[in-house]
Structure formats: C-alpha cells, structure tokens
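[1] Structural data only, the sequence is not supplied:
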C-alpha cells in the first residue's frame, strides 16, 4: 500500500520537487494533504491533480480562496498556523514532509512527531531552534527524522551500517554561493539580484540568501549536531564550488566515505522518502569526466562571519540558536526588500546575539519568547 504523504509547503521549490518524486512513484506514495502560505493558484492545480483529503492556506487573507478551492474539489480545508496541526489530524499521514520556510516549521514538526508520523524534513529552522525538543520527542515516539537537505541526506547514506563510535568527524560541503570570490568591498555593494543567482542550486529566495552569507551552512552544522548526535567539534565545513560531493564522513582509521551525485533536490527527496531503500529513477547519470576536477577550500569567516556565529550560538546552547535564526529571518527579509545592505545581515545578527538574553532550558514557550524578543531587537537594529 502506498505511503500517505502530507506535504507542508507544497508550492515552494522543495514542495514542487517533492511532488515530482511522488508523481513518478505512484506505487510507493500518495498525497493525502497539501499546504501553502498563499500561492493559492498553484495549490489549486496541485489539488486538481493529486486529489488530497485536505488542504491548508496559512495566510489568513487567503482564507476565502481556500474555502472556494475546498468546495470546488470536495476536500477539507484549514487556515492559519493552527490549521497546519489540524491538517495532520484530517489526513492521518504516514510521512509529513515539512518544506515550509522559517521557524513556522517547528510546531507542525512537533505535532507530526506527537502523532507518530515520520518526518521528512527540509525545514532547517525546526532543528536550529528546537533541535533538542524535536530529537527527544522523535526518540520517545520512535519516529524517524528523514533529512531532505542534500548534505545531511548524504551523511545519513554514508553512515548506513556504521556505528557512531567509529566516526572521527563529518564534513559538510558548501558551494560558497555567488559571492565566494568577492572582496569585502564588493560584498558591501552586493545586490539581492546578485545574491539570488546561485551558481549550482535552484532554491527559494530565503535559503538562497542564506547560502550567499554561509548562514545556510551554519544552520546545517546545528542540524547535523542534533540529527546525528554529533559534538560540534566533530563537524567541519569545506567550500566545494562544484557541489558534487555533498557530504563526507571520516572514520577513526582515516578512511573517508563521500556521497556524490548531481545537484538536483529530486534525488535527496527521493532518498529521504524511500530511505533506506533505493529505486531507479529517470535522472541523468553523473559524468565525472565532464566535470574534470573537484576543488576544496576552507570557508573565510572574516568575509562570511555568519558561519562562525552559528557555531557560537550552538556552543552557547539554550535559546541562542533561536535568536540567531530570528535575527537572520528579519535581516534577510529586509535585504530582499532592499532596505539594508548585504553586509548589514551579519551585523544585525551579531548585535542581536550580543543583546539577547539566553534562556538555558529549551521549551516550546521559551522558544516562542526568545524568538519574539530577538525579532524585536533585530527590527530595531
């Protein structure tokens, strides 16, 4: 019987690619629910094709449109953030794929776990802000957190059949983004359009800006710390412009295992949804002879300090990563709106971390409070 997939964030780039995977494997998966923040026109097309049991439109201004779609296609609908939780009850999924953006993905992730659903996780912020809670509850409920990120998915593949005590370190690779070779002076003049021109991946605007600042890689360090119960000192980052090697694991005997593939999120989504099984697909094979060479370099945290801020917040613990994420969400939004410069992103994050009051015990209420306070500080800055 096909596994029932509830896809949160179905109209984003990851959501659309997830539907491509589901479409290609009808014997393995079926769509039981879809959600979008506000792209209701695309959502309606998806509903028409996949015929889910329920839908959610998170933007309250689109509630009328959501109702119309639900009535037209005879599906149940919910609205708002609370509605995402209700949608899980309506759909009774086997897997909840969380492809939403920002801290908004945390509470639906926790709800899915509490309902006993496996979670295919593309939302970084759920683990950045609430990793301790998420992994603890997942262990208690005996559900799997299946990483969709290419790097963590790569680590998971390298660790198949391996025991934790044999691991020396994990290495997450980064393309370096569009500004890898920019000087500090050039970074000051960088525009949103330039930042959105990622050299190897096709992603949504927020994650693309995070890639340009290396905050995306900083978030992945925190994710890896929680996902694999890995001490921060055993997680390294390498700049790898070709984006062919997505992750490496070094073992105590000096051996390295690497996960290598084309740069297409289809593959990592398929891997997450079918893990640990493998199925043939129609993707082009990787031709290393055409690539020619693979290069690596250390990240420059002087030009891209966001990576070091992520390590710092993770070491501090408590709600420090919550403040890191909140400040980043505010700053990225303001940069995309052309209200601040590219270098202001890291400045606002730095000053927010300096001003925030870290709460050592991570609870959902503490996360909400820290997020609210950090956003207020960042907006003022």
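    Sure, I can see it. Here the structure is a predicted model, which is why all the values come from computation and not from measurement. Numbering: from 1, shown residues only.

[2] Every contact and neighbour count from this point should use C-alpha atoms.
    OK.

[3] ok, residue 76 touching residue 55?
    Yes: the criterion here is CA atoms under 8 Å, and residue 76 meets it with residue 55 at 6.4 Å.

[4] More neighbours: which of these two?
    The neighbour count for residue 76 versus residue 55, taken as other CA atoms under 10 Å, is higher for residue 55 (33 against 19).

[5] Direction included, what does the helix or strand that that one is a member of pair up with?
    Using DSSP states H and E, residue 55 sits within strand 54-57. Using DSSP bridges, the strands paired with strand 54-57 in its sheet are strand 29-36 (parallel), strand 76-79 (parallel).

[6] Just name the most buried of those strands.
    Neighbour counts (mean count of other CA atoms under 10 Å) averaged over each of those peak at strand 29-36, with a mean of 26.

[7] what's whichever helix or strand comes after that strand packed up against?
    Later in the chain than strand 29-36, the nearest helix or strand by DSSP H and E is helix 40-50. Helix 40-50 sits against strand 29-36, helix 63-73, with contacts defined as 3 or more CA pairs under 8 Å, 6 or more residues apart in numbering; DSSP states H and E.

[8] Of these, which is nearest residue 270?
    Minimum separation from residue 270 across these (CA to CA) falls at strand 29-36, 10.7 Å.

[9] quick check: angle from the closest one to helix 40-50?
    160 degrees (axes from the mean of the first three to the mean of the last three CA atoms, to 10 degrees).

[10] and the angle from strand 29-36 to helix 63-73?
    Using the same axes, to 10 degrees: strand 29-36 against helix 63-73 is 150 degrees.

[11] where in the stretch 201-350 of the chain is pLDDT low?
    201-202 (pLDDT under 70).

[12] show me where it has helices.
    205-213, 215-227, 265-274, 288-291, 306-316, 320-336, 342-355 (DSSP state H, counting those that start in this stretch).

[13] Indicate which one of these is closest to residue 42.
    helix 205-213 (17.7 Å).

[14] which residues sit against the closest one?
    The contact list for helix 205-213 (CA atoms under 8 Å, 6 or more residues apart in numbering) reads 101, 176-180, 192, 195-196, 198, 216-217, 304-307, 332-333, 346.

[15] how about the helices and strands packed on helix 40-50 in TSV, adding mean pLDDT?
    Shown next, in TSV, are the helices and strands packed on helix 40-50 (pLDDT from 0 to 100):
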stretch	mean pLDDT
strand 29-36	97
helix 63-73	94
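
[16] Compare those and report which one is nearest to residue 299.
    strand 29-36 (34.9 Å).

[17] Give me the distance between that closest one and the centre of its chain.
    Relative to its chain's centre, strand 29-36 lies at 18 Å (CA atoms, centre = their mean, to the nearest Å).

[18] Residues contacting the strand holding residue 55, please?
    Contacts for strand 54-57 (CA under 8 Å, 6+ apart): 32-38, 40, 63, 66, 70, 75-80, 83-84, 87, 90-91.

[19] swap in stretch 162-181?
    Taking CA under 8 Å, 6+ apart as the rule, stretch 162-181 contacts 151-152, 155, 187, 194-200, 211-214, 217, 220-221, 234-243, 245-252, 299.

[20] buried stuff in it?
    Using 16 or more other CA atoms under 10 Å as the test for burial, stretch 162-181 gives 167-180.

[21] Now that stretch: average pLDDT?
    Averaging pLDDT along stretch 162-181 gives 93.

[22] Just give me how far that stretch sits from the chain centre.
    Chain-centre distance of stretch 162-181: 16 Å, with CA atoms, centre = their mean.

[23] Do a quick rundown of the strands in the stretch 151-300 of the chain.
    167-174, 235-239, 245-251, 256-260 (DSSP state E, counting those that start in this stretch).

[24] So in that sheet, which strands flank the last one, and in what orientation?
    Looking back up the chat, that one is strand 256-260. Per DSSP bridges, strand 256-260 is paired in its sheet with strand 245-251 (antiparallel).
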